[in-house]
Structures are given as structure tokens and as C-alpha cells.
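Engineer: next comes the sequence, and after it the predicted model I'd like to discuss.
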Amino acid sequence: MMHYDAYGNRQNPTILLLHGAGVLDTFCRQYRFSDQYHLVVPHLAGAGKAVAKIYNPKKTIEELFALIESIHKKKIGVIGHSLGSQIAIMLVSEKPELFHFAVFLSAWINPKPKTIRMYCSFAGFAAKMLHWRWLVLLQGKYWDFTKEQAHYMADYLKQITPQVYASFFTNTLDLSTLPEYQAVTIPMLAICGSREVGDMKTSLKQLAQNPSCRIKTLHEAGHSLPMRNAKQLNPILERFIMKCL
């Protein structure tokens, strides 16, 4: 069974939080939703107790469906960020009947071979940088992590390999290969920041081709919007979730 952390009362509505690549506590500023909801945070490949695992989308989806089944809820919500958003899109496209709603934050779904090759060429150096404890702790502080969260991230990221890092990009979701998404009718919300790269903004428009998916751009926000722009983001999430449940 996939390892996961849980916050809040299990009797409350469950929301699956799918973190970004390598960053288990992506939703540190949203954990306060545990006052109202049961939050489940799986350790996805490349983070936490799964830091040594190569990211394999098919295997990840299978493990997540098994995890969802073990929760014993008729339906749940799902919120993903970055890589977690790609996974959320795949989950609701395959089995939309399991979900009340889905939120996709900063989903990159239009990969270009040249861009993928570029990121993979940096994998060795990027993985090495993630072994620098001082740098990871500084990043954690920038993201408003607690000391415990930052130190845990520094502890597990020292184990990440270039192969794991590269797998985040070689397995990037291309929405054009997932026609099932266009048939999804559950409420969906896609958000990205105004300061994100062009490909991210193009991805937002592609997600909006499904009429059930609303889109929104957060002003002056970058890719770290769940952590850095929680004051803007959280009220949007709260209103959307309340309407869907």
C-alpha cells in the first residue's frame, strides 16, 4: 500500500492532496482545511518515503486507486499541484465516478521534446543540488514550511537520484494522448500564476476545452502558488469545495 499522511477527522469529506515533484508538503498552507475535511497526502515517487522510486504514471495511478478504495468513501475530492496535477487529471479521466471534484494547480500538459531533453540534461546537477541541506532548508523557509517540514524534506531529498529527477519530466502528461479527459463532467477548476512560463498558461487553456473545467489565473503568482500565494488561493479553494460537496 502506498504510504500516506492524513490530517483531520476521517468522518469528514475526504480530499486527496497530490504534491508537486519532490515536495511532500506542497500543501503546507492548506493543511488548515483539516478543521473541516479529512486530508490524505500520499507519498508520491521522488518524495518522502517514496523518494527512491522512479516516477511511473501507470503504476502511480494503480496505487492511488488502491489507496482510494481503502479509504471506503463513495466519493472524494482531489487537488494536485504541478506533477500532482498531471496525476489528478489522469485519475479523474479514468474513473470520474470516484470524485466529487478536481482542482489542478499549475498543470503542465503540453510537453515539447526539446524542453524535456533540456530538463533531463540538468538532472545530474539538479539532483546534486537537492543533496545540499542548506539549500533545501532555505527553500523550505521560502515556502513557509515549518522547521520540521523543512528538515524532513532535506533528509529525504539527499537520497534523490538523477534517474528519479529525470523521470518527472520524461513521464510528463501530454493531454492530447488522453481523450478521456474531454468526457469528464465532474466540477473541475484549473489555476496557474500570472508569472508562470508560457507553456503553463497554454496548458490552462487546453484544460478549459472541457466545459466542466473552469480556469483562473492568480495575479503576481508563480509556480509555488500553494505555498507562496495561499492568501489568494485558499478562499478560492474553499468556495469551490463548498459548492461541490
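Structural biologist: Yep, that arrived. Numbering: from 1, shown residues only.
Engineer: okay, CA-based contacts and neighbour counts for the rest of this
Structural biologist: OK.
Engineer: and the nearest residue to residue 11 once chain neighbours are set aside, bridged to which residues?
Structural biologist: Nearest non-adjacent residue to residue 11, counting by C-alpha to C-alpha, 6 or more residues apart in numbering: residue 38, 7.3 Å away. Judged by DSSP bridges, the bridge partners of residue 38 are residue 14.
Engineer: my read: residue 38 touches residue 30, true?
Structural biologist: No - counting by C-alpha atoms under 8 Å, residue 38 sits too far from residue 30 to count as a contact (11.9 Å).
Engineer: can you give me phi and psi for residue 218?
Structural biologist: phi -90, psi 120 (degrees, to the nearest 10).
Engineer: count the residues that sit near it.
Structural biologist: Residue 218 sits with 16 neighbouring residues when counted by other C-alpha atoms under 10 Å.
Engineer: quick one: it from residue 63, how far?
Structural biologist: Separation of residue 218 from residue 63 (C-alpha to C-alpha, to the nearest Å) stands at 32 Å.
Engineer: just residue 201 next, same as before
Structural biologist: 30 Å.
Engineer: what about this protein, any weak spots by pLDDT?
Structural biologist: Of all residues in the chain, none has pLDDT under 70.
Engineer: and the helices in it, which stretches?
Structural biologist: For the chain, the helices defined by DSSP state H cover 57-71, 83-94, 113-121, 123-129, 133-142, 147-157, 162-170, 198-207, 225-228, 230-244.
Engineer: so for residue 47, which of the ones you listed sits nearest?
Structural biologist: Among these, the nearest to residue 47 by C-alpha to C-alpha is helix 147-157 (6.9 Å).
Engineer: mind giving me the packing neighbours of the closest one?
Structural biologist: Helix 147-157 sits against helix 133-142, with contacts defined as 3 or more C-alpha pairs under 8 Å, 6 or more residues apart in numbering; DSSP states H and E.
Engineer: redo that, cut-off 10 Å
Structural biologist: helix 123-129, helix 133-142 (3 or more C-alpha pairs under 10 Å, 6 or more residues apart in numbering; DSSP states H and E).
Engineer: now do the buried residues in the shortest one.
Structural biologist: Yep, that's helix 123-129 we're talking about. By neighbour count on 16 or more other C-alpha atoms under 10 Å, the buried set for helix 123-129 is 123, 126-127.
Engineer: which neighbouring elements make contact with that helix?
Structural biologist: helix 113-121, helix 147-157, helix 162-170.
Engineer: contacts for that helix, please.
Structural biologist: 117, 119-120, 135-136, 157-169 (C-alpha atoms under 10 Å, 6 or more residues apart in numbering).
Engineer: then the last one?
Structural biologist: Surrounding helix 133-142, the residues in contact under the criterion C-alpha under 10 Å, 6+ apart are 23, 25, 129-130, 143-155, 157-158, 224, 227-228.
Engineer: let's see 8 Å
Structural biologist: 129-130, 146-147, 149-151, 153-155, 158, 228 (C-alpha atoms under 8 Å, 6 or more residues apart in numbering).
Engineer: tell me the angle of that helix relative to helix 147-157?
Structural biologist: 140 degrees (axes from the mean of the first three to the mean of the last three C-alpha atoms, to 10 degrees).
Engineer: for helix 133-142, C-alpha coordinates in PDB please.
Structural biologist: Written as PDB, here are the backbone C-alpha positions of helix 133-142 (Å, rounded to 0.1, in the frame of the first residue of the first chain):
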ATOM      1  CA  ARG A 133      21.000  20.500   3.000                       C
ATOM      2  CA  TRP A 134      21.500  24.300   3.500                       C
ATOM      3  CA  LEU A 135      19.900  25.000   0.100                       C
ATOM      4  CA  VAL A 136      16.900  22.700   0.700                       C
ATOM      5  CA  LEU A 137      16.300  24.300   4.200                       C
ATOM      6  CA  LEU A 138      16.500  27.800   2.600                       C
ATOM      7  CA  GLN A 139      13.900  26.700   0.000                       C
ATOM      8  CA  GLY A 140      11.700  25.300   2.800                       C
ATOM      9  CA  LYS A 141      11.900  28.700   4.600                       C
ATOM     10  CA  TYR A 142      10.900  30.500   1.400                       C
END
